[in-house]
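Visitor: Sharing a model prediction with you, sequence too.
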Amino acid sequence: MIDDPLIERAKALHLHGLVVHWPQIVGQPWLEPLIGWEEQERQRRSLERRLQAAHIGPFKPVCDFDWIWPKRCDRAWKP
C-alpha cells in the first residue's frame, strides 16, 4: 500500500483514473496543483449548490441598507 497523502486526496475525490495510473504520474509537477484545483472547485460548487438549495438569495452587507439608526432608544415603550 502506498503511504502518500496525495494519493489519498485523489481517492477521496474519486479520481479513479489518476489512482490507477499513479505509478506513471507520481512525482509530476502538475499533479499536486491539479488535485488542489479539483478540491477547491468541488468546495466552491458544493457551497454554491447548498446556498441555492437554501433559497436565501444573495447576501447584502449592513452598510447597503437604507435604515436610519435612531440616536437613542425609547426603553419605556412597550408593544
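Guide: Arrived safely, thanks for sending.
Visitor: CA only for contacts and neighbour counts going forward, please
Guide: Will do.
Visitor: could you pull out the strands for this structure?
Guide: Applying DSSP state E to the chain gives no strands.
Visitor: Can you pull out the low-pLDDT segments for it?
Guide: For the chain, the stretches with pLDDT under 70 are 1-2, 69-70, 77-79.
Visitor: Show me which positions of the biggest helix by length in it end up buried.
Guide: Looking across the chain with DSSP state H, the single longest helix is helix 31-54. Buried residues in helix 31-54, counted by 16 or more other CA atoms under 10 Å: 32, 35.
Visitor: cool, stretch 8-25 as well?
Guide: In stretch 8-25, counting by 16+ other CA under 10 Å, buried: 9, 10, 18, 19.
Visitor: Work out which residue lies at the spatial centre of this structure.
Guide: Per CA atoms, centre = their mean, the C-alpha nearest to the average position across the chain is that of residue 43, at 3.3 Å.
Visitor: Show the contacting residues for that one.
Guide: Applying CA atoms under 8 Å, 6 or more residues apart in numbering, we find residue 43 in contact with no residue.
Visitor: measure it to residue 50 for me?
Guide: Remark: distance between residue 43 and residue 50 (CA to CA, to the nearest Å) = 11 Å.
Visitor: Look up how far residue 25 lies from residue 42.
Guide: Following CA to CA, the distance that separates residue 42 from residue 25 is 22 Å.
Visitor: circling back to that earlier point, can you pick out the most distant pair from the buried residues of stretch 8-25?
Guide: Within those, 9 and 18 form the most distant pair, 10.9 Å apart (CA to CA).
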